[in-house]
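Visitor: The amino acid sequence is not available; the structure is as follows:
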Ligand code: GDP
């Protein structure tokens, strides 16, 4: 509380004028000031086939041209590409991260297409958890990359959801706020669009897929949100270009038969989507925290942390830590013993192999010498002894190479 003091004295009484209103009802203003100073961050994930209009929609929603190289249809797997921007409106700074899938739906086998997306969302939760568990943490300045909303692009086929759509949305609905949108909605007629929207909503319910519902418990937005929930999935149109209509440049798509205006609510739901994202941004951020809590709980439980023991007694973090440390040491000891035994076993195996090889070599050597001495003697006898016309006795030396001759007089030479 701030008091400013006195200025003047009047008839012996001091008057203390206040420089500003004093009271704890100024708390929201303090929070507001702090939040404005810090800025806000909002992360959007766009999932959809290559060329369905993800980049064009993002540019249209935030009236900025997000520079992005076009992706090809030939990637071997699905990847995620993140780009961050800072957008300013009045004195409010928004750090916007736009993450989009590349190569989604382009592979022959699409069964695992959702996995890289799940991994990406979990990786952002994990990064936040790591920061939270640091001794020297700074969550205030930490760039939160957790995904606040996922715009799921449905192809404007007019038929139904594809298997890949159901599979992906089902694997994500417990991790992120999903808002389904029909991409390139200008390619579907008005009556077909209404039927298609109904069909999609029925299929989502039948398959037990939870999508984000705009909150209706806050009376200031309750009516608008109830009506908007009835417009889901949004039929969106995006464009990177601006067209001159009258003396105004507007974001639109120009065709030989006419112009589709992105900002015109009777042409598409892009403006509705923008309005709903902006008015419910805080709710989306809060729900993301709830999804994060779920992730954090599972993760810590997996690590063996718990709040209560088997008999509902409170468990301190210190106890959990000690137990985990002991478990870790025992595991390490077990592994060390296992490695030692494996090493001894391999040494014994090698020694046995060497011994066997040595025996084999000795045997082969002996055989070789015998064969050699036999052949040498026969060769020399055939070639020289008969030729000399003399009987010689003798033999091959023990090395298999030296030949010893004895003539009849007992003289010998080798
Ligand atoms: P991304 O690969 O999903 O990011 O798709 P892009 O936003 O790069 O758009 C791919 C192509 O589709 C571009 O030629 C866009 O002009 C076009 N496009 C984007 N949005 C729409 C739309 O709402 N309707 C139609 N008809 N074409 C669109």
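Guide: Nice, thanks for sending it over. Because the structure is a prediction, the values reported are computed rather than measured.

Visitor: can you pull the pLDDT of the residue of the chain found nearest the ligand?
Guide: Residue of the chain nearest the ligand, by Cβ to the nearest ligand atom: residue 53 (2.8 Å). Yep, even glycine has a C-beta here, placed from its N, CA and C like the rest. On pLDDT, residue 53 comes in at 92.

Visitor: now do residue 304
Guide: 76.

Visitor: Ok, residue 193 next?
Guide: So, for residue 193, pLDDT stands at 94.

Visitor: returning to what we had before: quick one, what contacts the residue of the chain closest to the ligand?
Guide: 153, 183-184, 236-238 (Cβ atoms under 8 Å, 6 or more residues apart in numbering).

Visitor: What is the nearest of those residues to residue 146?
Guide: Using Cβ to Cβ, residue 153 comes nearest to residue 146 of these, at 20.9 Å.

Visitor: Any chance you could list what contacts the helix or strand the closest one falls within?
Guide: Following DSSP states H and E, one finds residue 153 within strand 149-154. Where contact means Cβ under 8 Å, 6+ apart, the residues beyond strand 149-154 that reach it are 42-49, 52-54, 57, 161, 165, 168-169, 172, 176-183, 200, 212, 233, 273, 277, 284.

Visitor: Show me the beta-bridge partners of residue 83.
Guide: Note on residue 83: beta-bridge partners by DSSP bridges are residue 98.

Visitor: my read: it touches residue 97, true?
Guide: Yes. Using Cβ atoms under 8 Å, residue 83 is in contact with residue 97, at 7.2 Å.

Visitor: Same drill for the two, tell me which one is more crowded.
Guide: Neighbour count, other Cβ atoms under 10 Å: between residue 83 and residue 97, residue 97 has more, with 20 against 14.

Visitor: residue contacts, that one?
Guide: By Cβ under 8 Å, 6+ apart, residue 97 lies in contact with 41-44, 82-85, 145.

Visitor: Mind checking which of the residues you listed are buried?
Guide: 41-44, 145 (16 or more other Cβ atoms under 10 Å).

Visitor: about what we covered before: filter the contacts of residue 53 down to the ones near the ligand?
Guide: With Cβ under 6 Å from any ligand atom as the criterion, the contacts of residue 53 include 184, 237-238 near the ligand.

Visitor: so which two of the contacts of residue 53 are the farthest from each other?
Guide: Most distant of the contacts of residue 53, by Cβ to Cβ, are 153 and 237, 12.1 Å apart.

Visitor: So the residue most central in space within the chain: helix, strand or coil?
Guide: Most central in the chain under Cα atoms, centre = their mean is residue 120, positioned 2.2 Å from the mean C-alpha point. Recorded secondary structure, residue 120: helix (DSSP: H, G, I helix; E, B strand; the rest coil).

Visitor: and it, what pLDDT?
Guide: Taking residue 120 on its own, its pLDDT is 97.

Visitor: Make residue 1 into 11 and carry on from there
Guide: Sure, I'll start counting at 11 from here, so that last one is residue 130.

Visitor: ok, it - contacts?
Guide: 55, 90, 109.

Visitor: packing partners for whichever strand or helix holds the second one?
Guide: Here residue 90 sits within strand 89-99, counting by DSSP H and E. Using 3 or more Cβ pairs under 8 Å, 6 or more residues apart in numbering; DSSP states H and E as the contact criterion, the secondary-structure elements in contact with strand 89-99 are strand 102-112, helix 125-143.

Visitor: and the ones you listed, which one is worst for confidence?
Guide: Of all the helices and strands packed on strand 89-99, strand 102-112 has the smallest average pLDDT, which comes to a mean of 91.
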